[in-house]
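1. let's see this in three dimensions:
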Amino acid sequence: MAVKLEKIVKTYYDNLEKGKILGRRCLKCGNMEWPPVYACNICGHMETEWAEIDGSGEMTMLVLPSVMSLKPQLKDLEPYCYATVKLKEGIERNVMVTGVSKENEKYIRANMPYPVHAAIVQRDGFKTAIFTVDPVSGEGCAEEAQSRAPEMSETLTRLIPLVARAYKKDAGEITASTRFEDFKVASVVFVGLIASLEDEFDIMISITEASSRAKTVGELADLIDRS
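-> Below you'll find the model as predicted:
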């Protein structure tokens, strides 16, 4: 029979904007596919339907990235690891999991399979689904799980609207990893932004220092915190 096609990628990302993570459920065997695809990878059936993913699961394996394999564009999501996660729906995938550090790695490994949950985070111009561990306290004990994305610092939360206003951008499209050079506007705009920090944060940062040490919005937030 003919397969009725739809804009599967658009539907998926439109629902992320609404706070929903969708997969595709096979109408024959009930298998869930995520990320969503049309055909079932278990029985090969070509009829599937949209279904929301619960988001809870367990991490069964993890690898902490080395300094050389850390990606600058993911700095705002640190600390993170690469892991194998099995979701409540039975889906097993290799994904990135935030909240895993050298400090809590030993505790998490000792308690595997360790609980994780999905979180929807804003990237440059779009939302995407990642996973994060259920919180681990500094004493090496599991804390109550909270299904939420990693929180931004207070400084970054206050800074993003200033950047959006200076560059005439939507604040929702700006993250810690957003690079100032990507705005492709005259450097005088950056100068004006740095000048505005004196009133907002009651600090003084030289243009030279900001230009050399703050290539991203997150790095500027860090510079503000150290000033």
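2. just the C-alphas of stretch 213-225, formatted as CSV.
-> The C-alpha trace of stretch 213-225 is given here as CSV (Å, rounded to 0.1, in the frame of the first residue of the first chain):
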residue,chain,number,x,y,z
ARG,A,213,37.8,37.0,26.3
ALA,A,214,34.1,37.0,25.4
LYS,A,215,33.5,35.4,22.0
THR,A,216,30.1,34.0,23.1
VAL,A,217,27.2,35.3,25.2
GLY,A,218,28.1,32.7,27.9
GLU,A,219,31.7,33.8,28.0
LEU,A,220,30.6,37.4,28.5
ALA,A,221,28.3,36.2,31.4
ASP,A,222,31.4,34.5,32.9
LEU,A,223,33.4,37.7,32.5
ILE,A,224,30.7,39.7,34.2
ASP,A,225,30.7,37.3,37.2
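3. now do it, average pLDDT.
-> Across stretch 213-225, pLDDT averages out at 88.
4. and for stretch 104-117?
-> The average pLDDT within stretch 104-117 is 90.
5. could I get the buried residue list for that stretch?
-> Using 16 or more other C-beta atoms under 10 Å as the test for burial, stretch 104-117 gives 104, 108, 114, 115, 116, 117. For glycine as for every other residue, the C-beta is placed from the backbone atoms N, C-alpha and C.
6. what element comes up after the host helix or strand of the last one heading to the C-terminus?
-> Taking DSSP states H and E as the definition, one finds residue 117 inside strand 114-122. Counting by DSSP H and E, the element after strand 114-122 in chain order, helix or strand, is strand 127-133.
7. just after that following strand, pick out the following helix or strand.
-> Remark: after strand 127-133, the chain's next helix or strand is helix 154-167, criterion DSSP H and E.
8. can you pull the buried residues of that following helix?
-> Within helix 154-167, judged by 16+ other C-beta under 10 Å, the buried ones are 155, 156, 159, 160, 162, 163, 164, 166, 167.
9. could you give the mean pLDDT of that helix?
-> Per-residue scores along helix 154-167 average to 90.
10. do stretch 79-90 as well
-> What stretch 79-90 shows for mean pLDDT is 92.
11. ok, stretch 14-21 next?
-> 89.
12. gap between that stretch and the chain center?
-> 14 Å (C-alpha atoms, centre = their mean, to the nearest Å).
13. can you give me the buried ones in that stretch?
-> So for stretch 14-21, counting by 16+ other C-beta under 10 Å, buried means 15, 16, 21.
14. repeat for stretch 88-95
-> Result for stretch 88-95 [16+ other C-beta under 10 Å]: buried residues 89, 91, 95.
15. now the residues you listed in a markdown table, with secondary structure?
-> Listed next are the buried residues of stretch 88-95 as a markdown table, based on DSSP: H, G, I helix; E, B strand; the rest coil:
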| residue | secondary structure |
| --- | --- |
| 89 | coil |
| 91 | coil |
| 95 | strand |
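16. want to throw those residues into JSON lines with distance to residue 71?
-> Shown next, in JSON lines, are these (distance: C-beta to C-beta, whole Å):
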{"residue": "89", "distance to residue 71": "28"}
{"residue": "91", "distance to residue 71": "24"}
{"residue": "95", "distance to residue 71": "14"}
